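give me a 3D structure for the following:
(4 chains)
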2 protein chains.
Amino acid sequence: MSDENWSPPPVLLAVDLVIFTLRHSQLQVLLVERGIDPYRGRAALPGGFLNNDSEDLLAAAHRELDEEADLDAARLHLEQLGTYGAADRDPRGRVVSVAYLAIAPHLPEPTAGTDAAGAAWRPVDAITSGELPLAFDHDVIIADGIERARSKLEHTPLATAFCEPTFTISDLQQVYEAVWGVDLDPRNFYRKVQKVPDFIRPVDAERRVTKGRPARLFTAGPATSLHPPIPRPGGTAEPEGQR
Amino acid sequence: MSDENWSPPPVLLAVDLVIFTLRHSQLQVLLVERGIDPYRGRAALPGGFLNNDSEDLLAAAHRELDEEADLDAARLHLEQLGTYGAADRDPRGRVVSVAYLAIAPHLPEPTAGTDAAGAAWRPVDAITSGELPLAFDHDVIIADGIERARSKLEHTPLATAFCEPTFTISDLQQVYEAVWGVDLDPRNFYRKVQKVPDFIRPVDAERRVTKGRPARLFTAGPATSLHPPIPRPGGTAEPEGQR
DNA sequence: GCAAAAGTGTTAAAAGTACACCCATGC
DNA sequence: GCATGGGTGTACTTTTAACACTTTTGC
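Numbering: from 1, shown residues only, chains lettered A, B, ... in the order given. Below is the predicted model of the structure:
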């Protein structure tokens, strides 16, 4: 904080959401279609301006989450991703956007019903490959979100946020495989995740699908970090590029 | 970004700096004494409001860096740490602050000469222990900065940012030991850091101090991430608490 | 029985850990 | 020589990775 009593030019503060989920064993992100200029008709991250003088940033993120998709806030991971403030990122003027990263378990369907024109889940591959152009610098924000998620799978129990309250170990494996884009050995994975203290806890139930032996069910344990970590094979952790 | 053309209430955007360096084998942070209310006379992070309509966030951080301490921007690590926007964090009104983390090699002395009333390096222990009360939520920001630095030592070449352009392996070890607050075996550390591809590169020179065998000098290599990582012993990576 | 998914055992290679030891310097 | 910090060797333990194998289900 500086010590002048000169009054600086105010800027507009927006909150944008990168909401990830797993659908069809793919990492997908929730996008809305913009109804107004600039970038009318383009896909964009859900988000909006900070609502009033006393609204916390995290509260604003939660509010947007309710408006755009209606996800029950209880079982949902939400963390700050970064702040994007390049002077020319919004043609209307000076808008600084605080991006939040949300992770949700597999959800029925986009539920376009509420605020945004049309909301839809999109595979992140379509965005990183550039086939689906986005508004503003939202492609960069999503790329940072992917890298954050990939990295946190290694050291935190973030993968459980992609899962239902109870899940099998192969559910968990699918999360790692989809987000990292790799194949893992199910047998070694099975033991590795169970060896991490407080990562997952067995519950007294099984899940039976059509074929094969029923699988034990687990819940997320109390751990906030993973020791030892689940290392990403050949993993590269590039730094994020916030502006 | 939301689609209304209603105009939201503007907020003030500040940029604060967490500048770390190593002095006397201690992790220290640069603090200034506030000259005005609120928190007049308290220690605070250097920082200030965003200067004008076209100033980039990172540019603002660089500007503050020049004003408060004058560090040559060339050899200096600077990254975004997080954004702090609790509604009541500044009694004057709504101020959202984007914090940046800077890492500098050991510097001569605080150089209070420029903008801030008095700038001084302080051991971070004095802050985390609560002996040195800070303005605003700056204690939380510093705590997040410490955790960020500790974590990045494992996976990135951040430690070299604490060192001069050329350094010995035991210089590097002192960084790890001071930031992590642990003791490492010099012999195993010596080999471990050299085994990480592109982490450090030998230069054709030695350093001789008063006693002992001269040490080889190294420079930072081209790596942006460390594979394999330098694991933190018994390391716990708690999540950050940005608001 | 057969296919499929879950879960267990085993083994060889790799990595980490502890520590004895040698090297090059200043005094 | 001796103390000091730099650097190497090595034996031991632990972790990983690859994959054969057994178990439990649906059909």
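
what's stretch A:169-179 in contact with?
A:22, A:25-27, A:146, A:149-150, A:153, A:159-160, A:162-164, A:182-184, A:186, A:189-190, A:193-194, A:200, A:215-216, A:218, A:230 (Cβ atoms under 8 Å, 6 or more residues apart in numbering or on different chains). Just so you know, the C-beta spots here come from the backbone N, C-alpha and C atoms, and that holds for glycine as well.

that one and DNA strand D, any residue contact?
No. Counting by Cβ under 7 Å from any atom of the strand, DNA strand D has no neighbours in stretch A:169-179; the shortest distance is 12.3 Å.

which element follows the least confident helix or strand in chain A by mean pLDDT toward the C-terminus?
One helix or strand of chain A scores below all others by mean pLDDT, DSSP states H and E: helix A:57-68, with a mean of 88. Past helix A:57-68, further along toward the C-terminus, the next helix or strand under DSSP states H and E is strand A:77-84.

now that following strand against helix A:57-68, angle please.
Per axes from the mean of the first three to the mean of the last three Cα atoms, to 10 degrees, the angle that strand A:77-84 makes with helix A:57-68 is 110 degrees.

quick one, what contacts residue A:194?
Applying Cβ under 8 Å, 6+ apart, the residues near residue A:194 are A:169, A:200.

nope, residue A:106 is what I was after
Neighbouring residues of residue A:106 by Cβ under 8 Å, 6+ apart: A:21, A:22, A:23, A:162, A:164.

swap in residue A:89?
Neighbours of residue A:89 in contact, by Cβ under 8 Å, 6+ apart: A:95, A:97, A:136, A:137, A:243.

those helices in chain A, which residues are they?
Taking DSSP state H, the helices of chain A run over residues A:57-68, A:124-128, A:138-155, A:169-180, A:186-195.

hmm, residue A:79 is touching residue A:99, no?
No. At 10.2 Å, residue A:79 does not count as touching residue A:99 under the criterion of Cβ atoms under 8 Å.

those two: who's more crowded?
With neighbours defined as other Cβ atoms under 10 Å in any protein chain shown, residue A:79 and residue A:99 compare such that residue A:99 has more, 27 against 20.

picking that back up, okay, the helices of chain A in a markdown table with distance to residue B:31 next?
Output for the helices of chain A, formatted as a markdown table (distance: least, Cβ to Cβ, whole Å):
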| stretch | distance to residue B:31 |
| --- | --- |
| helix A:57-68 | 25 |
| helix A:124-128 | 41 |
| helix A:138-155 | 30 |
| helix A:169-180 | 40 |
| helix A:186-195 | 43 |
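
near DNA strand D, which residues of chain A show up?
Counting by Cβ under 7 Å from any atom of the strand, chain A sits next to DNA strand D at A:185, A:187-188, A:192, A:195, A:208, A:210-214, A:228, A:231, A:233.

which of these has the most neighbours?
Comparing the residues of chain A next to DNA strand D by number of neighbours (other Cβ under 10 Å), residue A:192 comes first, having 18 neighbours.

spit out the contact partners of that one.
When contacts are counted by Cβ under 8 Å, 6+ apart, residue A:192 touches residue A:230.

by contact count, what packs against the biggest strand by length in chain A?
Ordering each strand of chain A by length in residues (DSSP state E) puts strand A:12-23 first. Identification of packing neighbours for strand A:12-23 by 3 or more Cβ pairs under 8 Å, 6 or more residues apart in numbering or on different chains; DSSP states H and E yields strand A:26-33, strand A:47-49, helix A:57-68, strand A:95-103, helix A:138-155, helix A:169-180.
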